[in-house]
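1. Okay, here's the prediction I keep looking at, along with the sequence it came from:
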Amino acid sequence: MIVTKGLRKSFRPRRGAATVDAVRGIDLNVAEGEIYGLLGPNGAGKTTTLRMLATLLVPDGGAATVAGADLRAEPGEVRRRIGYVAQGGGTTDQATAREELVMQARMYGVRKAEAVQRAEQGLAAFDLTEFGDRVCKTYSGGQRRRLDLALGVVHRPKLLFLDEPTVGLDPRSRSQVWAEVRRLREQGMTVLLTTHYLDEADALCDRIGIVDNGGIVTEGTPEELKQKISGDSVTIALPDARTTTGAERALAELPCVQRLEALPDEDGLRLHVDSAATAIPQLLRTLAAAGIEPERVQLQRPSLDDVFLALTGRALVHSG
Ligand SMILES: Nc1ncnc2c1ncn2[C@@H]1O[C@H](COP(=O)(O)OP(=O)(O)OP(=O)(O)O)[C@@H](O)[C@H]1O
């Protein structure tokens, strides 16, 4: 559904300023019916990639076929076959959801009576019927986002681009948007989305391309990516901050500990070790020798954050 080869784009912010190589040659292969996620920190080049594929930016180099049409030779054809939901959405404040949907369908050449019918279906499908005749400025963030999705698919595209679909939403609205995206996939739509949320990529995407510094550093299913990380993570919950500092000092010296960090929200440590089976007995012996009794020791599968850290040397959540 999407094939790109060496797609690139640079920007010159001002005359005389240095060029920013936003996308430095991206190769993508997204199959029909997939939810594919571009995951990466702010500024990695995700939005620029999406905007090129949606014909909103002209690439500086490379080639792409999008929904069966050549991006550079037939941008109009690409535009007719895709839906695009921008980061901030595209709704106006004064129109109602119903009016927006009718207008959008009409813009794609749908006849009036059919457009009215599609608006009705869109409102029902995205749980918007109740307030479909209220002006958009009165909607909550989640309601607006669902309307953005309904607008993105009112002309029934084969391929939908979603730029950061759940940014700024509360957890309930996020999972509602995820459910809508999955439903679209079940109906046969292909979805390419960008996100900098690990849990979103993990929960929603069939495959993920990890983007950093204008390129894809690795790609695969969430499981494949996690398997690329050798070793295990172990978390140790400790009774208080003082004990945590003592444990950190005692464990940092152990050869089996590759990396060690304090847990962000509770007293305790997270360690990356070669093999939990051999490391845990050593960790417990070392703690006991230092007179420290952990409250809990847990083995954890590596997260996508571990994958990103291993590939780039930076934590995804802090690197934006
Ligand atoms: N119009 C522009 N002019 C100059 N620089 C730009 C322009 N658009 C993007 N950039 C730069 O290109 C790089 C990639 O930006 P892009 O928006 O694609 O990243 P992103 O991964 O989508 O990040 P975010 O999640 O914040 O949207 C950044 O350094 C950005 O500042």
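-> Now that the structure is in, tell me what you want to look at.
2. low pLDDT regions in the stretch 101-250 of the chain?
-> Across the stretch 101-250 of the chain, residues meeting the criterion (pLDDT under 70) sit at 230.
3. count of neighbours near the closest residue to the ligand within it?
-> The ligand sits closest to His196 of the stretch 101-250 of the chain, with a gap of 5.5 Å, by C-beta to the nearest ligand atom. Any C-beta I mention is one placed from the backbone N, CA and C, and that applies to glycine too. By other C-beta atoms under 10 Å, the residues close to His196 number 21.
4. cool, Val191 as well?
-> Here the neighbour count serves as a burial measure; for Val191 (other C-beta under 10 Å) it reads 25.
5. can I assume it is in contact with Asp163?
-> No - counting by C-beta atoms under 8 Å, Asp163 is not a contact partner of Val191; they are 11.7 Å apart.
6. Which residue, other than its chain neighbours, is closest to Arg174?
-> Thr166 (4.3 Å; C-beta to C-beta, 6 or more residues apart in numbering).
7. Wait, a strand at the one you found?
-> No - assigned with DSSP: H, G, I helix; E, B strand; the rest coil, Thr166 falls outside any strand and is coil.
8. where do the strands sit along the protein?
-> 2-11, 20-30, 35-39, 61-66, 69-70, 82-85, 159-163, 190-195, 207-212, 215-220, 232-237, 257-262, 268-273, 296-300 (DSSP state E).
9. Looking at those, which is nearest to Gly246?
-> Distance to Gly246, taken as C-beta to C-beta, is lowest for strand 268-273 among these, at 10.6 Å.
10. for the closest one, packing partners?
-> For strand 268-273, the elements it packs on are strand 232-237, helix 241-252, strand 257-262, helix 276-289, judged by 3 or more C-beta pairs under 8 Å, 6 or more residues apart in numbering; DSSP states H and E.
11. switch to 7 Å and redo it
-> For strand 268-273, the helices and strands in contact under the criterion 3 or more C-beta pairs under 7 Å, 6 or more residues apart in numbering; DSSP states H and E are strand 232-237, helix 241-252, strand 257-262.
12. Kindly reformat those as JSON lines containing mean neighbour count.
-> Putting those into JSON lines (neighbours: other C-beta atoms under 10 Å) gives the following:
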{"stretch": "strand 232-237", "mean neighbour count": "19"}
{"stretch": "helix 241-252", "mean neighbour count": "16"}
{"stretch": "strand 257-262", "mean neighbour count": "15"}
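13. Turn these into TSV, columns for distance to the ligand.
-> Compiled in TSV, these are given as follows (distance: least, C-beta to the nearest ligand atom, whole Å):
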stretch	distance to the ligand
strand 232-237	26
helix 241-252	33
strand 257-262	25
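14. Now the phi/psi pair for Pro239, please.
-> phi -70, psi -30 (degrees, to the nearest 10).
15. Can you give me the neighbour number for the nearest residue in space to it that is not next to it in sequence?
-> Distance criterion C-beta to C-beta, 6+ apart; nearest residue to Pro239, sequence neighbours excluded, is Glu295 at 6.0 Å. Other residues near Glu295 come to 12 when the count uses other C-beta under 10 Å.
16. Please report the distance of Glu295 from the ligand.
-> For Glu295, the distance to the ligand equals 38 Å [C-beta to the nearest ligand atom, to the nearest Å].
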